[in-house]
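Engineer: the sequence isn't on hand, but the structure is:
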């Protein structure tokens, strides 16, 4: 059941309960008491037969029933405290694990989110943590209590007859071998179950977020099959664990029963030769019978332990991921906002080609620079590097002459506001969404930002104004309203560098015009980077950069690029829009 890897994992898992040493001590004392009461029951029965029934000792007529009742009362009280305290300790530990996992997710590199996927990360908290919880709430109690119980009972059996007890223990190595084999099978199947559950969560998340596309393209049957295939695989692995566990328990019990039958036969022969008193014979058989239940529980708990260890392995794999690198310590007292790319090369993890190649560009402070190019040309990669979601493979990105790798990461991101086509809003009030991340903001500042973003005109008509809850990802608002909330958030942040990533590409003309006005106001005295497909939205940019396959191919303002009659002029004349 416990190989070196399992012990290491379980020790680390138990580290979450170590802060509660006082309650652990009380729980352990209760478990020791329970273990002692098991052979005590057999001892009382021995005296009951020998003293009360055979010797007819009058003093025992009252004492024996009281002792028997006392044993069960003490055992019951100890079981109550062990269950309540162990469960409380386990729940506190699970709370700490979830907090650690959530905190870790806030500091993971961007690449980890892309590698895992949202569904798998959600599965770790929603599925893996409860599995680990069972290993903490019930498994360790059963392991300690029943191990101590068996030790106490075997000690008592050795005391009565060590020869018979050694005969019974012959089956011990066979039982250990069966449990070890079952543990390995269940661990492997449990790991497969973790992966299946992650895939299932992923399928569910995709179907919920993409339900419109599923319906419009008639892909209901396709998605149903994908979900069913994953659920069937999960069922297969779940049944594998169940079958191994179901065979494991009765097999161990059969071996124990065979040993018991042999011992009972020998004990009866010894009793016939007056080597055992009737009370000793009853006590011995009772003590042996009492070992059955703890052995069964220990064998059954193996399934819980292996599932918990597989879940723990998954949890610790996440917790052991390195955080985002934050080697920089510098901050800048005042910021102009000039960005320089100096021979920057970048390749995404596991990418088959460079996303940026020997890329050099200066983005002047206080001006608007537009990035245009086909999908895959490297526009979004530039944004990911500026914000340090990824770090350059080689070369330098400098902010006001300072390498951004030497800047403190939080300080760097405080200088940047991002408004993208894919607006992220939270299931909270309008005010909370506008002031997101700004802890010291008052209502007047929020209203000012909302007015500047042309959002106040619809906010004040909402049922509760700024205090109206906008639903999951703002689904109670229209696309244009959600975009204006995002722009109001950027206004409130008041960062010197502003990035518009296709902020108006999915809007109707009226919403676009309104948001364009808000964007023009927001651009004032800021370094602005605009990524856009509609060339009409960037004609007034001081600098337009045309990119192809990670390289800068043209650079200049609108009129200059048209005169060059190059890539920009060709695309402009074709339809004023870059097509993905």
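Structural biologist: Arrived safely. Since the structure is predicted, the reported quantities are computational estimates derived from the model, not experimental observations. Numbers count the residues shown, from 1 in each chain.
Engineer: where do the strands sit along the chain?
Structural biologist: Assigned by DSSP state E, the chain shows strands spanning 339-346, 356-363, 368-373, 394-399, 402-403, 416-420, 497-501, 527-531, 543-548, 551-556.
Engineer: in the second one, what counts as buried?
Structural biologist: If you call a residue buried by 16 or more other CB atoms under 10 Å, then strand 356-363 has these buried ones: 356, 357, 359, 361, 363. In this view, the C-beta of every residue, glycine as well, is placed from N, C-alpha and C.
Engineer: report the rounded mean pLDDT for that strand.
Structural biologist: Mean per-residue pLDDT for strand 356-363: 92.
Engineer: which helices and strands sit right next to it?
Structural biologist: With contacts defined as 3 or more CB pairs under 8 Å, 6 or more residues apart in numbering; DSSP states H and E, the packing partners of strand 356-363 are strand 339-346, helix 379-386, strand 551-556.
Engineer: let's have these in CSV, adding mean pLDDT.
Structural biologist: Putting those into CSV (pLDDT from 0 to 100) gives the following:
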stretch, mean pLDDT
strand 339-346, 93
helix 379-386, 90
strand 551-556, 91
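Engineer: show me the helices in the stretch 401-550 of the chain, by range?
Structural biologist: 409-414, 430-434, 443-452, 456-459, 479-493, 509-522 (DSSP state H, counting those that start in this stretch).
Engineer: show residues contacting the first one.
Structural biologist: Pointing back at helix 409-414 there. 324, 325, 326, 328, 330, 331, 332, 387, 388, 399, 404, 495 (CB atoms under 8 Å, 6 or more residues apart in numbering).
Engineer: now do the closest residue to the third one other than its chain neighbours against residue 148, distance only.
Structural biologist: Distances taken as CB to CB, 6 or more residues apart in numbering put residue 409 closest to residue 326, at 4.4 Å, once the chain neighbours are dropped. With distances taken as CB to CB, to the nearest Å, residue 409 is found 51 Å from residue 148.
Engineer: comparing the two, which residue is more hemmed in?
Structural biologist: In terms of neighbours (other CB atoms under 10 Å), residue 148 is the more surrounded of residue 409 and residue 148; the figures are 19 against 16.
Engineer: the more buried one contacts residue 29, correct?
Structural biologist: No - counting by CB atoms under 8 Å, residue 29 is not a contact partner of residue 148; they are 11.3 Å apart.
Engineer: go through the helices and strands packed on strand 356-363 and pick out the most buried.
Structural biologist: Per-residue neighbour counts averaged over each of the helices and strands packed on strand 356-363 give the maximum for helix 379-386, namely a mean of 21 (mean count of other CB atoms under 10 Å).
Engineer: just checking, what packs against it?
Structural biologist: Counting by 3+ CB pairs under 8 Å, 6+ apart, the packing neighbours recorded for helix 379-386 are strand 339-346, strand 356-363, strand 368-373, strand 497-501, strand 527-531.
Engineer: and the spatially closest residue to residue 353 that is not a sequence neighbour, what does it touch?
Structural biologist: Of all residues not flanking residue 353 in the chain, residue 347 sits nearest, at 7.3 Å (CB to CB, 6+ apart). Contact partners of residue 347, counting by CB under 8 Å, 6+ apart, are 353, 354, 355, 393.
Engineer: related to what we said a few turns ago, just the closest of the buried residues of strand 356-363 to residue 72, please.
Structural biologist: Taking CB to CB as the measure, residue 72 sits nearest to residue 356 out of the buried residues of strand 356-363, at 75.3 Å.
Engineer: do I have it right that the closest one meets residue 343?
Structural biologist: No - no contact is recorded between residue 356 and residue 343 when judged using CB under 8 Å, the distance being 10.0 Å.
Engineer: poorly predicted segments of the stretch 401-550 of the chain, please.
Structural biologist: Of all residues in the stretch 401-550 of the chain, those with pLDDT under 70 make up the ranges 503-512, 514-515, 518, 533-534, 536.
Engineer: could you redo the last one with a cut-off of 80?
Structural biologist: Low-confidence segments of the stretch 401-550 of the chain, defined by pLDDT under 80, are located at 421, 439, 473, 502-524, 532-538.
Engineer: and if you look at the stretch 201-350 of the chain?
Structural biologist: Judged by pLDDT under 80, the stretch 201-350 of the chain has its weakly predicted residues at 201-220, 222-223, 226, 237-281, 288-289, 292-293, 295-304, 306-307, 325-328, 350.
Engineer: where do the helices sit along it?
Structural biologist: 211-216, 220-272, 278-319.
Engineer: need the winner for burial among these.
Structural biologist: Counting by mean count of other CB under 10 Å, helix 278-319 has the highest mean neighbour count of those, with a mean of 21.
Engineer: one step back: between the helices of the stretch 201-350 of the chain, which gets nearest to residue 23?
Structural biologist: Counting by CB to CB, residue 23 lies closest to helix 278-319 out of those; the figure is 20.4 Å.
Engineer: which strands or helices does that closest one pack on?
Structural biologist: Secondary-structure packing of helix 278-319 (3+ CB pairs under 8 Å, 6+ apart): helix 4-14, helix 21-47, helix 58-106, helix 129-134, helix 140-160, helix 172-209, helix 220-272.
Engineer: so which of those helices comes closest to residue 459?
Structural biologist: Ranking the helices and strands packed on helix 278-319 by distance to residue 459, with CB to CB as the measure, places helix 172-209 first at 26.1 Å.
Engineer: please convert the helices of the stretch 401-550 of the chain to CSV, extending it with distance to residue 161.
Structural biologist: Supplementary listing: the helices of the stretch 401-550 of the chain in CSV, determined by distance: least, CB to CB, whole Å:
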stretch, distance to residue 161
helix 409-414, 71
helix 430-434, 74
helix 443-452, 83
helix 456-459, 85
helix 479-493, 80
helix 509-522, 89
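Engineer: returning to what we had before: among the helices and strands packed on helix 278-319, which comes closest to residue 381?
Structural biologist: Between residue 381 and the helices and strands packed on helix 278-319, the shortest separation by CB to CB is 23.3 Å, and it involves helix 58-106.
Engineer: so what does that closest one touch, helix or strand wise?
Structural biologist: Going by 3+ CB pairs under 8 Å, 6+ apart, helix 58-106 lies up against helix 21-47, helix 129-134, helix 140-160, helix 278-319.
Engineer: compute the inter-axis angle for the first one and helix 278-319.
Structural biologist: Relative orientation of helix 21-47 versus helix 278-319 (axes from the mean of the first three to the mean of the last three CA atoms, to 10 degrees): 160 degrees.
Engineer: just the buried positions in helix 21-47, please.
Structural biologist: 23-24, 26-28, 30-47.
Engineer: same check, this time on stretch 468-475
Structural biologist: By neighbour count, with 16+ other CB under 10 Å as the criterion, the buried positions of stretch 468-475 are 468, 469, 470, 474.
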